[in-house]
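Trainee: predicted model follows, preceded by the sequence.
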Amino acid sequence: LLDAAMRRLDQRDEWSSYPAVHVPRHPAEKHLRGLVIVVDPGHGGTDGGDADPRPDYKTGPTGVKEAHMNLRVSLLLERLLTDAGALVVMTRRGDDTIGLAERAAIANGYVHPDGRVGADLFISVHHNAGPPTANYSSVWYHGEVDWSEPDMDVAREIAHQLGWALRTDVAKTSPILSDQLMYDSGFAVLRHCRVPAVLLESSFYTFPPEEQRLKDAFHNLREAYAVYLGLCQWAYNGRPTQQHPVVTLRDAGIEVEIELNDGLPAWWGKDRNRILSSTIRVTWDGKPVSADFTPAAKRIRVRLPTTVGRGESGAGILGVHFCNMLKNSNWPQRYRVSWSADPSGPISVHPIEPIRAGTPSTRPAT
Ligand SMILES: [Zn+2]
């Protein structure tokens, strides 16, 4: 019995041989139900679409347009996610011209039925250009790794699935990359997003065989399905969050108590701690402060290194970071805490996400 399997290993497939397109529903797609996902087909209209007068702009060697392949993949992804029960908002459904800030604004301004503002996720779908032999999958996050942890949770799952499904050179580079490698200020569409956001460069339309494949809707489906699988895996890893921080004025200082939520199913194991205590990091204006973690209660307690004096108002940024046991990071991660001159007055605490503006990188773009 084993001999036959061993003999099969004598004739191993080439990595680049494509299996047939199969699109079974992933059992974990149930974790996508109810999420609002903005799918953004890159370019279009006067930017690389049919209305663009530049004949070679964002086109492959035989003239296949990136804008069009982005849209095909996005429409297939929309269908896969909608079938899973997610609510998908498309930034374009035709060959339309849409600005980069406008695309992000669709995600930032989405209003949920409960009044919460901001989509759960923004995904911009692109294909890459480069030297004629390059072909690999990459997924991009904004800025520094510490600015974009929840974005990278999504990016790494999608990037792995894309590389495997599209049979590109997965070992070429790290599959997830900072947009500041391209521009000092990163990609505008990601920089403008105030919700978790990633940008896919799924494969290279400048690689002649890949350009031909990208004309094929079934190859587009192979790609859309890989993104769907990545999203199933991401959602399956849980989406950790926390209760709104409770602040208490004590001895002219501020104590903060926060109940953490591992974001994992309320099933077998839910009574155990599923938060990695080594990943808990609390900061005040960017500087670490020590936090007491009580695993049984899933609570952290912090005394902020600041005083609330009579007649003095003040404010600062409280950062809260942790990962669940599947290594997904919490969202949101930052709050603005402010108080007025009246020390008995209320202390206000507002989530602010994310800090993407930052200081532009001083490194030259490469
Ligand atoms: Zn593009």
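Mentor: Thanks, I have the structure now.
Trainee: in contact with R33, which residues?
Mentor: Contact partners of R33, counting by CB atoms under 8 Å, 6 or more residues apart in numbering, are 84-86. Any C-beta I mention is one placed from the backbone N, CA and C, and that applies to glycine too.
Trainee: pLDDT below threshold where in this protein?
Mentor: Low-confidence segments of the chain, defined by pLDDT under 70: 343, 354-366.
Trainee: could you tell me which residues of it lie near the ion?
Mentor: Proximity of the chain to the ion (CB under 5 Å from the ion) is limited to residues 42, 126.
Trainee: how about a cut-off of 6 Å?
Mentor: Within the chain, the positions lying close to the ion (CB under 6 Å from the ion) are 42-43, 66, 126.
Trainee: inside strands: which ones of these?
Mentor: H126 (DSSP state E).
Trainee: separate out the buried members of the residues of the chain next to the ion.
Mentor: 42-43, 66, 126 (16 or more other CB atoms under 10 Å).
Trainee: so which residues of the stretch 1-150 of the chain form strands?
Mentor: Remark: strands assigned in the stretch 1-150 of the chain by DSSP state E, counting those that start in this stretch are 36-41, 87-90, 121-128, 138-141.
Trainee: now do the helices in the protein.
Mentor: Taking DSSP state H, the helices of the chain run over residues 2-8, 66-83, 100-108, 149-166, 188-191, 208-214, 217-236.
Trainee: what about the residue in the stretch 201-350 of the chain that the ion sits nearest to, neighbour count?
Mentor: In the stretch 201-350 of the chain, the residue that lies nearest the ion is E201 (7.2 Å; CB to the ion). E201 has 22 neighbours, counted by other CB atoms under 10 Å.
Trainee: for the closest residue to it other than its chain neighbours, give the beta-bridge partners.
Mentor: Leaving aside its sequence neighbours, E201 sits nearest to N128 (CB to CB, 6 or more residues apart in numbering; 3.9 Å). Under DSSP bridges, the beta-bridge partners of N128 are F204.
Trainee: the chain should start at 666 in everything you say after this.
Mentor: In the new numbering, first residue 666, that becomes N793.
Trainee: return the distance of D785 relative to P905.
Mentor: 13 Å (CB to CB, to the nearest Å).
Trainee: measure the nearest residue to N773 once chain neighbours are set aside to the ion for me?
Mentor: Nearest residue to N773, sequence neighbours excluded (CB to CB, 6+ apart): R859, at 4.7 Å. Distance, R859 to the ion, using CB to the ion, to the nearest Å: 22 Å.
Trainee: can I assume R859 is in contact with P997?
Mentor: No: the criterion here is CB atoms under 8 Å, and R859 misses it with P997 at 9.9 Å.
Trainee: next up, the contacts around whatever residue of the chain ends up closest to the ion.
Mentor: Across the chain, the shortest distance to the ion (CB to the ion) belongs to H791, at 3.5 Å. With contact set as CB under 8 Å, 6+ apart, H791 has these partners: 707-708, 731, 735, 864-867.
Trainee: how about a cut-off of 10 Å?
Mentor: Residues in contact with H791 (CB atoms under 10 Å, 6 or more residues apart in numbering) are 705-708, 723, 731-732, 734-735, 738, 803, 805, 852, 854, 864-867, 870.
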